[in-house]
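Enquirer: can't give you the sequence, but here's the structure:
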């Protein structure tokens, strides 16, 4: 049993009576400001990521290096 049109209409009337028209419009305005700030923050992150990716460079001369990742210890007490 889902919500019918009549149930939704009654719910909207009750919400309007409880909060009033001005309070609901203020809440919706704050909600819209929050969404705009979120989108701006996401686009700022993408711009910063693109800038940081373009700055990083790796110079590769093609010469192999002889470095061990995990050098083994040699014990002299054996």
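Expert: That came through fine. Remember, it's a predicted structure, so these values are computed and weren't measured experimentally.
Enquirer: ok, residue 30 to residue 43 distance?
Expert: 21 Å (Cβ to Cβ, to the nearest Å). For every residue, glycine as well, the C-beta is placed using N, CA and C.
Enquirer: no no, residue 2
Expert: According to Cβ to Cβ, residue 2 and residue 43 sit 38 Å apart.
Enquirer: tell me which of these two has more neighbours.
Expert: Just comparing residue 2 and residue 43: by other Cβ atoms under 10 Å the higher neighbour count belongs to residue 43, 10 against 4.
Enquirer: which helix or strand contains that one?
Expert: Using DSSP states H and E, residue 43 maps to helix 5-55.
Enquirer: what mean pLDDT would you report for that helix?
Expert: Throughout helix 5-55, pLDDT has a mean value of 83.
Enquirer: where does residue 3 sit: helix, strand or coil?
Expert: Classification of residue 3 by DSSP: H, G, I helix; E, B strand; the rest coil places it in coil.
Enquirer: buried sites along stretch 30-49?
Expert: Residues of stretch 30-49 include none that count as buried (16 or more other Cβ atoms under 10 Å).
Enquirer: how about residues contacting that stretch?
Expert: With contacts defined as Cβ atoms under 8 Å, 6 or more residues apart in numbering, stretch 30-49 is touched by no residue outside it.
Enquirer: equivalent analysis for stretch 10-22, please.
Expert: So stretch 10-22 is contacted by 3, 24, 27 (Cβ under 8 Å, 6+ apart).
Enquirer: let's have those in a markdown table, adding neighbour count and distance to residue 39.
Expert: Listed next are the contacts of stretch 10-22 as a markdown table, based on neighbours: other Cβ atoms under 10 Å; distance: Cβ to Cβ, whole Å:
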| residue | neighbour count | distance to residue 39 |
| --- | --- | --- |
| 3 | 9 | 30 |
| 24 | 14 | 23 |
| 27 | 11 | 19 |
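Enquirer: neighbours around residue 19, how many?
Expert: Using other Cβ under 10 Å, the number of residues around residue 19 comes to 13.
Enquirer: going forward, count from 35.
Expert: Okay, residue one is now 35; in that scheme the one you just asked about reads as residue 53.
Enquirer: and it, how far from residue 66?
Expert: Distance from residue 53 to residue 66, by Cβ to Cβ: 17 Å.
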